[in-house]
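Q: Pasting a predicted model and its sequence here:
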Amino acid sequence: MIRSQAAHRPVEPPDDARALDLPKTLTQAQQEALSAIVFFRRQRKVTLGWVIGDRRLSEKLVRGLLQMDLVVENVLDDRPVLQLTPAGRAARAQLTQ
């Protein structure tokens, strides 16, 4: 009997499953940053981080969210903006429940 190679590989959980566990590991500042990115339309990048609405986010905080693939930095109208990825939207949905 021949076994397929796929049976021997560890199965990685899908991205959505990882997003479900994420709110438990996010710090309070990261949770507030995700909420601010969704809520405030006015964003600008400054020397030491970001100003989103009336909140300041440090470069280290944003870098952590980027590394976790919760946000992505895009350019709209020649201005950098932060937007939530699908994993970020799923994590934020878990936070609001």
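A: Cool, the structure landed.

Q: And the host helix or strand of V38, what does it pack against?
A: Using DSSP states H and E, V38 sits in helix 28-39. Under the contact definition 3 or more Cβ pairs under 8 Å, 6 or more residues apart in numbering; DSSP states H and E, helix 28-39 sits against strand 49-52, strand 55-58, helix 59-67, strand 79-84, helix 86-96. In this view, the C-beta of every residue, glycine as well, is placed from N, C-alpha and C.

Q: Comparing those, which comes out most buried?
A: strand 49-52 (a mean of 19; mean count of other Cβ atoms under 10 Å).

Q: contacts for that strand?
A: Residues from elsewhere that reach strand 49-52 (Cβ atoms under 8 Å, 6 or more residues apart in numbering): 33, 36-37, 40, 42-44, 56-62, 82.

Q: Got the phi and psi for the residue nearest the centre of the chain?
A: Of all residues in the chain, the one closest to the mean position by Cα atoms, centre = their mean is L70, 1.3 Å from it. Dihedral pair for L70: phi -90, psi -30, per degrees, to the nearest 10.

Q: how about the nearest residue to it, chain neighbours excluded?
A: G88 (3.7 Å; Cβ to Cβ, 6 or more residues apart in numbering).

Q: Can you list the low-confidence ranges for this protein?
A: The model of the chain has pLDDT under 70 over residues 1-23.

Q: Helix, strand, or coil at D69?
A: Under DSSP: H, G, I helix; E, B strand; the rest coil, D69 falls in the coil class.

Q: just to revisit the earlier point, surely the residue nearest to the centre of the chain touches A90?
A: No: applying Cβ atoms under 8 Å as the test, L70 and A90 come out as separate, 9.3 Å apart.

Q: separation between A33 and T47?
A: 18 Å (Cβ to Cβ, to the nearest Å).

Q: now for the contacts of strand 49-52, which pair is the farthest apart?
A: Greatest spatial distance among these (Cβ to Cβ): R42 and K60, at 21.8 Å.
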